[in-house]
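Make a model of this:
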Amino acid sequence: MLNEEKVRYMTELAIFEKKEGKRIFPVNRYFKKDYVGGHMFRSFFGYTFCYLLLLSMWVLYELDEFMGGITLEELLELGKRWGIIYVVGLAAYLFITWRVYSLRYEYASRAQTMYASRLKHLLNRYGREKPEKTKENRGGRGR
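The predicted structure is shown next:
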């Protein structure tokens, strides 16, 4: 006979695993520092690529002004301004990335601990039920 409480508990765990599994189980393979660092590494390259793309679009837009006669001092001033914008924007973006992925790691770690404790509870409560005894030969010497 089925134990309805056991079935309900197992269904809740299966639903949780299906809903949250993609977010919490990949985190298990990393330490927090490695998980967050990897995402910051990707964010650095993503931000740099987007910044260079926007910079090249701006240069193409203002190409007639550059060709018309810009002095070296003005060009250095533009480079300095764009460099400062890049560094400040990168620092802000990396800080946001660090914060977001730190929180995601902590959430996944807590959820995984909760999931493991619920599985342990299920095993402790329902896993030790004794099976019904049957009188069948289990491969030993028959009498």
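
how about the helices of the chain, start to end?
Assigned by DSSP state H, the helices in the chain fall at 4-24, 32-61, 63-69, 72-126.

can I get those helices in a markdown table with mean pLDDT and mean neighbour count?
Glycine gets a C-beta too; all of them are placed from N, C-alpha and C. Putting the helices of the chain into a markdown table (pLDDT from 0 to 100; neighbours: other CB atoms under 10 Å) gives the following:
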| stretch | mean pLDDT | mean neighbour count |
| --- | --- | --- |
| helix 4-24 | 77 | 13 |
| helix 32-61 | 95 | 13 |
| helix 63-69 | 81 | 9 |
| helix 72-126 | 90 | 13 |
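
ok, and what's touching stretch 93-101?
Stretch 93-101 has contacts (CB atoms under 8 Å, 6 or more residues apart in numbering) with Tyr35, Val36, His39, Met40, Ser43, Phe44, Tyr47.

Quick one: those residues as JSON lines, columns for distance to Arg81 too.
Below are the contacts of stretch 93-101 laid out as JSON lines (distance: CB to CB, whole Å):
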{"residue": "Tyr35", "distance to Arg81": "35"}
{"residue": "Val36", "distance to Arg81": "31"}
{"residue": "His39", "distance to Arg81": "29"}
{"residue": "Met40", "distance to Arg81": "26"}
{"residue": "Ser43", "distance to Arg81": "23"}
{"residue": "Phe44", "distance to Arg81": "21"}
{"residue": "Tyr47", "distance to Arg81": "18"}
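
just the residues you listed now: which is nearest Val7?
Tyr35 (35.2 Å; CB to CB).

quick one, what contacts the closest one?
Contacts of Tyr35 (CB under 8 Å, 6+ apart): Val27, Tyr101, Tyr105.
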